[in-house]
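Peer 1: Structural data only, the sequence is not supplied:
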């Protein structure tokens, strides 16, 4: 079971309760235990509030929540100036600054902070889920519901790292075999780069086609808002561009979109594929 919620929100306090209610509605419908839902609500509130207070140069932010069997992963990504993760504040009993980070660290089973200096920051929160008796979530995860151990690092798993390497190297046959055997087609690393994104970035159209045929989403952006099609246009990967278009990628989606990228870099061959007219020469 995998359920995804992807929200692009204005950096406004009113966005916090709306986001909280949307995620809680999904968790409640699945039958997640109330204490777990309460912890997630507080974690999400602190992460979003932190963005609203401190990402001063960003007009919006993204909340990406994924429920995978007995695990909930929340990523809150802002577009501000970033911060130095090596000097995160350690609040004392009476300090307000840094209290939100401390609360998130206490409630989450895994929490990570990444900063892209001058290009935003990412807070990643993971929570193991427990479902009530005879709940929808319990039924959907029967046999797959063993939660990850606290502080587990999915990328430390040897198989996961190998899958990412297969996508980068274009090892289509083996990668497709693992997906057919049950590996998630939309598996993503800590930057939000999916297997399809990595295959596209490294110029492997056959791998892109194989992943898309097995349910990989050609529209899924990474944590910096980058989409596979725009990246393929920037890298002049014609075969990948065609493979993504065949898989249903929208050249107008995202910011910058593939169309925007083609105009910016003068990729007229791709503009023709997108049924766009190149701008007149200056």
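Peer 2: Cool, got the structure. Computed from a predicted model, the values in this text were never measured in an experiment. Numbering: from 1, shown residues only.

Peer 1: Name the SS class of the residue positioned nearest the centre of the chain, please.
Peer 2: Centrality entry for the chain: nearest residue to the mean C-alpha point is residue 192, 4.3 Å, by CA atoms, centre = their mean. Counting by DSSP: H, G, I helix; E, B strand; the rest coil, the backbone at residue 192 sits in coil.

Peer 1: what does the one 4 residues further on give?
Peer 2: Of the three states, residue 196 takes helix under three-state DSSP.

Peer 1: got it, and residue 74?
Peer 2: State at residue 74, reduced to three classes by three-state DSSP: strand.

Peer 1: Could you double-check that it lies in contact with residue 63?
Peer 2: Yes - between residue 74 and residue 63 there is a contact at 7.1 Å, judged by CB atoms under 8 Å. Placement of C-beta: from N, CA and C, glycine included.

Peer 1: mind checking how far the residue nearest to the centre of the chain is from residue 224?
Peer 2: 7 Å (CB to CB, to the nearest Å).

Peer 1: Could you do residue 37 as well?
Peer 2: Here residue 37 is placed at a distance of 29 Å from residue 224 (CB to CB).

Peer 1: Run through the residues that contact residue 181.
Peer 2: Residue 181 is in contact with no residue at all, counting by CB atoms under 8 Å, 6 or more residues apart in numbering.

Peer 1: Just the pLDDT at it, thanks.
Peer 2: Per-residue pLDDT puts residue 181 at 74.

Peer 1: tell me the mean pLDDT over the top helix by length along the chain?
Peer 2: Secondary structure of the chain per DSSP state H: the longest helix is helix 34-54. For helix 34-54, mean pLDDT rounds to 86.

Peer 1: close enough to count as contact, residue 215 and residue 182?
Peer 2: No - using CB under 8 Å, residue 215 is not in contact with residue 182; the gap is 11.9 Å.

Peer 1: Using the three-state scheme, assign the residue nearest to residue 274 when sequence neighbours are not counted.
Peer 2: Nearest-residue entry for residue 274: residue 251, 4.2 Å, with adjacent residues in sequence omitted and distances by CB to CB, 6 or more residues apart in numbering. Taken by three-state DSSP, the conformation at residue 251 corresponds to coil.

Peer 1: so how far is residue 123 from the residue lying closest to residue 47 once chain neighbours are set aside?
Peer 2: In space, residue 47 comes closest to residue 76 once its chain neighbours are excluded; the distance is 4.2 Å by CB to CB, 6+ apart. According to CB to CB, residue 76 stands 5 Å off from residue 123.

Peer 1: what sits in contact with each of those two?
Peer 2: With CB under 8 Å, 6+ apart, residue 76 and residue 123 have common neighbours 47, 50.

Peer 1: more crowded one of the two?
Peer 2: Higher neighbour count among residue 76 and residue 123: residue 76, with 28 against 25, using other CB atoms under 10 Å.

Peer 1: on that earlier part again, please enumerate the shared neighbours of residue 74 and residue 63.
Peer 2: Here residue 74 and residue 63 share the contacting residues residue 44, scored by CB under 8 Å, 6+ apart.

Peer 1: Tell me which stretches of the chain form strands.
Peer 2: 2-10, 60-68, 71-78, 110-115, 121-128 (DSSP state E).

Peer 1: Counting by contacts, list what the fourth one packs against.
Peer 2: Applying 3 or more CB pairs under 8 Å, 6 or more residues apart in numbering; DSSP states H and E, we find strand 110-115 packed against helix 99-107, strand 121-128.

Peer 1: could you redo the last one with a cut-off of 10 Å?
Peer 2: For strand 110-115, the elements it packs on are strand 71-78, helix 99-107, strand 121-128, judged by 3 or more CB pairs under 10 Å, 6 or more residues apart in numbering; DSSP states H and E.

Peer 1: Looking at the ones you listed, which one is packed in the most?
Peer 2: Of all those, strand 71-78 carries the top mean neighbour count, a mean of 25, counting by mean count of other CB atoms under 10 Å.

Peer 1: Can you tell me the strand partners of it and which way each runs?
Peer 2: Partners of strand 71-78 in the sheet, by DSSP bridges, are strand 60-68 (antiparallel), strand 121-128 (antiparallel).

Peer 1: avg pLDDT for it?
Peer 2: Strand 71-78 shows an average pLDDT of 87 in the prediction.

Peer 1: show me what contacts residue 239?
Peer 2: Neighbour list for residue 239: 200, 203-206, 208-209, 232 [criterion: CB atoms under 10 Å, 6 or more residues apart in numbering].
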